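Chemist: Sequence first, then the predicted structure, then my questions.
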Amino acid sequence: MMRALTVNPAKKTLRLAERPPPRAPKNTEVLLRILDVGICGTDREIASFEYGEPPPGAEDFVLGHEALAEVIAVGPNVTSFQPGELAVPTVRRPCSSPRCPACRAGRQDFCITNEFSERGIVRADGYLAEQVLEEERYLVEVPQALREVAVLVEPLSVVSKAAEEYAVIHSRFAFEAPRSRGLVLGAGAIGLLGAMTLRAAGFETYVFSREPEDTPRAALIGSLGCHYVSSGRTPVERLRERIGAMDMIFEAVGVPQVAWGALPALAANGIYALTGVPALGEPVPGDLRRWMRDIVLNNQLIFGTVNAGRSAYEQSVFRLEQFLALFPKQLRELIRRVPFDEAPQIIANGRGIKDVVSLAH
């Protein structure tokens, strides 16, 4: 038997359980030993029974979707992996509908039916287990040099997908823009990875969050070469007055009042990426006339992005290599590892910027 962390939404239980290990891999399957699994807000929502759905016919499912694994064995038709190599599995699996051109093209991150499955989230087991069986096509190779930080590939893929969309949208300009200015909303793991991405791309970068300006996280942001702005000193509606207009805003806070409150800071021709998923509740008031007027008259574009395709994962591997050269200390400071036995506690009460459950020992 092997250990796994399982959620039962009907019984409202989260527990360390024993499960049979996977069978030997066949065809293009790969048997993985899970090394690290990152914990995020989605995991905490599932563990609070606000979200999540077991596989069809099951009562419970294995939690965890931000994984790094080592290949144990491969099926006879696997061509990309050998035992001992590192891999990061993607999260979303395509729906079966012939009406979904995105899934049929292998871009299930743009699925139109919502009938997809996601490992450790909806309709599929996740990766908080000692061993997992996975199809080769859903694995992304990771060099051994990234072993210490590769668990960040999946959260960074959210940023990389937004960067892909930004590049395509920005290509509509028939001129070279001056040095770009970027604003990141939120100083969690995805926000900080977004700040690193903007800095590495040459943006003058600002990060807006609720921590005071004399905290260690503010100092970490400053050490990246970014400017930190605390909501305690500058309300969101005064951001433009404080920092000027931003060519790119990357939202990673999930709070509608902050997301839309920062909209006046978007520059003419600016691009705004939304990644947060707020809980439903009472409507949030806003100045719809001003938003519509500004977006139209300033040629602005707002887009939402969820999950990520293979290209974004591959770009994330490249970016982590870049970040290890540019921000080695800061990148490592994001991660706080705990042993598998402490997984339920760390999900209930986070301790670091990016809490990571280590299954390697």
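Modeler: Arrived safely. In this text the structure is predicted, and so the values were computed from the model without any measurement.

Chemist: pretty sure residue 161 contacts residue 312?
Modeler: Yes: using Cβ atoms under 8 Å, residue 161 is in contact with residue 312, at 4.1 Å. The C-beta positions use only the backbone N, C-alpha and C, and glycine is treated the same way.

Chemist: what is in contact with these two at once?
Modeler: Common neighbours of residue 161 and residue 312, counting by Cβ atoms under 8 Å, 6 or more residues apart in numbering, are residue 109.

Chemist: So which of these two has more stuff around it?
Modeler: residue 312 (26 against 23; other Cβ atoms under 10 Å).

Chemist: ranges for the helices of the stretch 151-300 of the chain?
Modeler: According to DSSP state H, counting those that start in this stretch, the stretch 151-300 of the chain carries its helices in the segments 153-170, 189-200, 216-223, 239-243, 256-261, 288-297.

Chemist: Deepest in the core, which of the ones you listed is it.
Modeler: Among the helices of the stretch 151-300 of the chain, judged by mean count of other Cβ atoms under 10 Å, the one packed with the most neighbours on average is helix 189-200 (a mean of 26).

Chemist: pLDDT (mean, whole number) over it?
Modeler: Mean pLDDT, helix 189-200: 98.

Chemist: If you compare the directions of it and helix 153-170, what angle comes out?
Modeler: 50 degrees (axes from the mean of the first three to the mean of the last three Cα atoms, to 10 degrees).

Chemist: Could you list every helix and strand in contact with helix 189-200?
Modeler: Counting by 3 or more Cβ pairs under 8 Å, 6 or more residues apart in numbering; DSSP states H and E, the packing neighbours recorded for helix 189-200 are helix 153-170, strand 181-185, strand 204-209, helix 216-223, strand 246-251, helix 310-326, helix 328-333.

Chemist: Try it again at 7 Å.
Modeler: Packed against helix 189-200, as judged by 3 or more Cβ pairs under 7 Å, 6 or more residues apart in numbering; DSSP states H and E, are the following elements: helix 153-170, strand 181-185, strand 204-209, helix 310-326.

Chemist: Report the mean per-residue pLDDT for the second one.
Modeler: Spelled out, it's strand 181-185. Rounded mean pLDDT across strand 181-185 is 98.
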